[in-house]
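Q: Based on what follows, work out the 3D shape:
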Amino acid sequence: MDDLKRDAESLLTKTSLSDGVDRRDFLKVALGTGFAAAAMPVVAQGVVKTDSAGLTAGTITISVNGQTVPVYRAQPEGGKNLPVVLVISEIFGVHEHIADVARRFAKLGYLALAPDLFVRQGDPQKVSSIADLQKDIIAKTPDAQVMTDLDAVVAWAKANGGDGDKIAITGFCWGGRITWLYAAHNPAIKAGVAWYGRLMGESNANFPRHPIDIAGTLTVPVLGLYGLKDTGISQESIEIMKAALAKGPNKSTFVIYPNSGHAFHADYRPSYVEADAKDGWGRLQAWFKQNGVF
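A: Purely as a prediction, here's the structure:
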């Protein structure tokens, strides 16, 4: 899982505590990061910070086959019939950066939902090494389980102010791969945006298919945002994916950023490339509008 190793490189969590968010609240939001709480630095510089003014924001829970799944929810206060976006995290789970992304969507008028998709595999805050994170959490989180959890999140959204005809999904790295797969799984999805998600890989019982395997039958349009300098996702794999998509019925496409590597949207990490992150965020909004989500 080379993409997991890339997600682990130079991890640096940044958040400002000047808006009344204390460290305990930050760590509560950070469920699923895959790091011991004591190992999570909190600094003030360089992060995009979105407040919750005018929003309803915080963690809700959804029951899925008897399992309580935490979901970070952000939406305009009192909003009804809102377009819905599922926000799928990196391997580090629903930490403050992912919560911030959800709030960014809410500021645009979306009901944004970021589920903790690793909740069954143990307490990520007790995992102190990337090797253990891979072995004990990521490798034991089956795609089928993720699809079921996301189905439950979609059902909750439809019953709680979300417009069932306007549902999108976006995700980062691990979540980028899930974006492709869930777009193929649930016909209710109108559009997806996959940020540097792995396209190919070895198959096993937990991961029977990869995006390349569903490309030819995918009907939901997905925009792939990838970096030319990403050493773990080859340009060859992207070209193979493009060719497979071209044989199918949908209008998915890619944007390749020549100055970026992996995780260029992650403003809490040294991999962040501000210009490309902002461009990708603008393209995401345009893609969702183009495909009837907003």
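
Q: From G201, how far out is the residue of the chain positioned farthest from its centre?
A: In the chain, counting by C-alpha atoms, centre = their mean, K247 sits farthest out from the average C-alpha position, at 26.9 Å. Counting by C-beta to C-beta, to the nearest Å, the gap from K247 to G201 is 20 Å. In this view, the C-beta of every residue, glycine as well, is placed from N, C-alpha and C.

Q: Same question for D136.
A: 19 Å.

Q: quick revisit: wait, the residue farthest from the centre of the chain sits on I212?
A: No: at 11.7 Å, K247 and I212 do not qualify as touching, with contact defined as C-beta atoms under 8 Å.

Q: Going C-terminal from the lowest-mean-pLDDT helix or strand in the chain, what's the next secondary structure element?
A: Here the helix or strand of the chain ranked lowest by mean pLDDT, DSSP states H and E is helix 23-29, holding a mean of 37. Following helix 23-29 in sequence order, the next helix or strand is strand 55-64 (DSSP states H and E).

Q: what does that next one rub up against?
A: 28-29, 68-79, 99, 102-103, 106-107, 115, 148-149, 152-153, 156 (C-beta atoms under 8 Å, 6 or more residues apart in numbering).

Q: for the record, mean pLDDT for the helix or strand following that strand?
A: Next along the chain after strand 55-64, taking DSSP H and E as the criterion, comes strand 67-76. Taken as a whole, strand 67-76 has an average pLDDT of 98.

Q: Assign a three-state SS to the spatially closest residue to H185 that is not a sequence neighbour, would you?
A: Of all residues not flanking H185 in the chain, M147 sits nearest, at 5.0 Å (C-beta to C-beta, 6 or more residues apart in numbering). Of the three states, M147 takes helix under DSSP: H, G, I helix; E, B strand; the rest coil.

Q: Tell me the spacing between M147 and V84.
A: In terms of C-beta to C-beta, M147 sits 17 Å off from V84.

Q: Between those two, which has more neighbouring residues?
A: V84 (29 against 16; other C-beta atoms under 10 Å).

Q: can you list the weak-confidence ranges in the chain?
A: 1-46, 123-126 (pLDDT under 70).

Q: what's near enough to touch the residue farthest from the centre of the chain?
A: Per C-beta under 8 Å, 6+ apart, neighbours of K247: A215, G216.

Q: Tell me how far it lies from V47.
A: 42 Å.

Q: sorry, back to before: isn't the residue nearest to H185 up against I189?
A: No: if you go by C-beta under 8 Å, M147 and I189 don't touch, sitting 11.6 Å apart.

Q: Common neighbours of the two, please.
A: What both M147 and I189 touch, as defined by C-beta under 8 Å, 6+ apart, is the set Y182.

Q: residue contacts, K251?
A: P221.

Q: For G292, see how far away it is.
A: In terms of C-beta to C-beta, K251 sits 13 Å off from G292.

Q: And for L218?
A: L218 is 17 Å from G292, by C-beta to C-beta.

Q: Compare these two (neighbour count), which wins?
A: Using other C-beta under 10 Å, the more surrounded residue of L218 and G292 is L218, with 20 against 13.

Q: which residues does that one contact?
A: W180, A183, A184, L245, G248, P249, N250, S252.

Q: what about the third one, which SS state?
A: Secondary structure for A184, judged by three-state DSSP, is helix.

Q: what residues are up against it?
A: A184 neighbours (C-beta under 8 Å, 6+ apart): I214, T217, L218, V220.

Q: Buried ones among the residues you listed?
A: With neighbours counted using 16 or more other C-beta atoms under 10 Å, the contacts of A184 contain these buried positions: I214, L218, V220.

Q: between the residues you listed, which is nearest W195?
A: Proximity of the buried ones among the contacts of A184 to W195 was ranked by C-beta to C-beta; the top entry is V220 with 16.3 Å.

Q: Assign a three-state SS to that closest one, would you?
A: Quick answer, by three-state DSSP: V220 is coil.
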